[in-house]
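> A structural model of the following input is requested.
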Amino acid sequence: MKLKGKTALTIGLLALGLHLQAQEMVKTNRVEIETKSLDELYKDALEEGGEFVLRAGGDKPDQIDYYLDKFKRRFPKLKVTHTVDVSINHAPRYDNAREAGGKKNVPDVIQFQTLHDFEYYKERGLIEPYKPKHWDKVFPDHKDPNGYWTSVYGVTFSNYVNPEVLGNIETPRDALDYLNPELKGKIILTYPHDDDDVLYQFWHLKEQYGWEYLEKLVANEPTWIRGTAWPYVAINKGWYAASFTTFWAFEPFPGQKTAFLLPKNDFFLTWFQTAAIPTQAKHKAAAKLYLNWMLSEEFQGTWLQFPVRYDIEAPGGYGSVLKQNTSPGDFRRWMMKRDLVERFRLQLRQLIGEAQGPTPIDIDYSVRPE
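Numbering: from 1, shown residues only. A predicted model of the protein is given here:
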């Protein structure tokens, strides 16, 4: 059907208007990479009031102390308040604080594992565009092109074992090793339907080895627990021999009796923990200081696993994440497929049963999980 002159002109002008509006939005949202030094940003944060509030995803209250203590020592006059909790709890807390008008409890930085939340916040104008120094060195797929969010460090889940508890049993490295009957009663695993990153691991096990593998793994009677921090605590204490649903440093600590091992052949999980500045944050100068420090060589060069900067290699000779049988990008894309994620979660709930026990942040780590 041929459009009449006035109709065609109207549609053309409307299209031009929308194009110009989109171009203006891109121009308005264009953010330059930070040029100030850490010391200059520190000065700005102190002049702002000297406070910083962080909400960080994690399972254990002290889980980020390794690097946050370094941040506090580096900027001793800054009053730092932080809370660690699983991201599925932190995100709705942030949502509730926003709905209350942001008068209280809105943090200065949100740092979550629930990567799909950042796109939701971006689309609704709930996080602020900002590009810290060295933002250009972050892997392209792991930062928003307009600076609304950026990854800050890598987390890899793989085999964590206690050789003394294993004894003469062959050390499990790949998925099929965990079906060894000799490991019955010695494996501790996180409920996959209680944690999206572990759910992703089980999705790949299903895709590679089939549903029958998951049934055999359950039949080998692992101890199921909530939270990904408990396996490395329980294994380190000698309560269990092995897990693949936890993480630790690529290089062993001095005197450490346990070992963190990547698979020999199998694909393994890595994701990049992501952070952003809420629009209603009260201490944005302090937030910028934190994000700049997280991307600095001071932090990236001392992180225990894969850094997010492509110009810095991981410790222990593991090199770049791009050279390993893992894909943080695949995990991010999988997390966006919420229909698929939720359907698979329900399948595993039927297979394994409801998650039992206290929420990860409330676990008593001095008591052996049974």
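> What are the buried residues along stretch 354-367?
Within stretch 354-367, the residues that count as buried by 16 or more other Cβ atoms under 10 Å are 355, 357, 360, 361, 363. C-beta coordinates here come from the backbone N, C-alpha and C atoms, glycine included.
> Show the contacting residues for the nearest residue to the fourth one once chain neighbours are set aside.
Think residue 361. Excluding the flanking residues, the one nearest residue 361 by Cβ to Cβ, 6 or more residues apart in numbering is residue 85, at 4.9 Å. Residues in contact with residue 85 (Cβ atoms under 8 Å, 6 or more residues apart in numbering) are 55, 57, 58, 361.
> and the nearest residue to the third one once chain neighbours are set aside, how many neighbours?
Ranked by Cβ to Cβ, 6+ apart and with sequence neighbours excluded, the top spatial neighbour of residue 58 is residue 84, at 4.1 Å. Applying other Cβ atoms under 10 Å, we find 22 other residues in the vicinity of residue 84.
> Residue 211 now?
Neighbour tally, residue 211, other Cβ under 10 Å: 11.
> For the chain, which residues score under the pLDDT cut-off?
1-29, 102-103 (pLDDT under 70).
> ok so, going back, which pair of the buried residues of stretch 354-367 spans the longest distance?
355 and 361 (14.2 Å; Cβ to Cβ).
> ok but residue 233 is inside a helix, no?
Yes: assessed with DSSP: H, G, I helix; E, B strand; the rest coil, residue 233 lies in a helix.
> mind checking the backbone torsions on the residue nearest to residue 58?
Per-residue torsions, residue 84: phi -110, psi 130 (degrees, to the nearest 10).
> Number the chain from 405, please
Yes, from this point I'll number from 405; that puts the last item at residue 488.
> Surely it and residue 765 touch.
Yes: the pair formed by residue 488 and residue 765 meets the contact definition of Cβ atoms under 8 Å, at 7.1 Å.
> got the contact list for residue 710?
By Cβ under 8 Å, 6+ apart, residue 710 lies in contact with 557, 558, 560, 674, 676, 718, 722, 724, 725, 728.
> I meant residue 666, not that one.
Here residue 666 is in contact with 560, 562, 563, 577, 672, 722, 728 (Cβ under 8 Å, 6+ apart).
> Filter these down to the ones in strands?
Of those, the ones assigned to strands by DSSP state E are 560, 562, 563.
> Of these, just the buried ones, PyMOL syntax please.
In PyMOL, this line selects whichever of the ones in strands among the contacts of residue 666 come out buried by 16+ other Cβ under 10 Å:
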select buried, resi 560+562+563
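> Let me have the ones in strands among the contacts of residue 666 in JSON lines, extended by distance to residue 613.
Putting the ones in strands among the contacts of residue 666 into JSON lines (distance: Cβ to Cβ, whole Å) gives the following:
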{"residue": "560", "distance to residue 613": "20"}
{"residue": "562", "distance to residue 613": "17"}
{"residue": "563", "distance to residue 613": "16"}
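> Out of the ones in strands among the contacts of residue 666, which comes closest to residue 702?
Closest to residue 702, out of all of those and judged by Cβ to Cβ, is residue 560, at 21.4 Å.
> What segments of this structure are strands?
Under DSSP E, the chain gives strands at 455-461, 483-489, 513-516, 531-532, 554-565, 592-594, 627-629, 646-650, 663-665, 673-682.
> which one of the ones you listed is the most hemmed in?
Ranked by mean neighbour count, the strands of the chain are led by strand 646-650 with a mean of 28 (mean count of other Cβ atoms under 10 Å).
> Output the contacting helices and strands for that one.
strand 554-565, strand 592-594, helix 600-613, helix 634-640 (3 or more Cβ pairs under 8 Å, 6 or more residues apart in numbering; DSSP states H and E).
> need those in CSV with distance to residue 662, can you?
Written out in CSV, the entries for the helices and strands packed on strand 646-650 read as follows (distance: least, Cβ to Cβ, whole Å):
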stretch, distance to residue 662
strand 554-565, 6
strand 592-594, 13
helix 600-613, 19
helix 634-640, 5
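> Out of the ones you listed, flag the one nearest residue 735.
Closest approach to residue 735 among the helices and strands packed on strand 646-650 (Cβ to Cβ): helix 600-613, 5.7 Å.
> Mind giving me the packing neighbours of the closest one?
strand 554-565, helix 615-623, strand 646-650, strand 673-682, helix 732-740, helix 742-756.
> Please consider this matter closed, and thank you.
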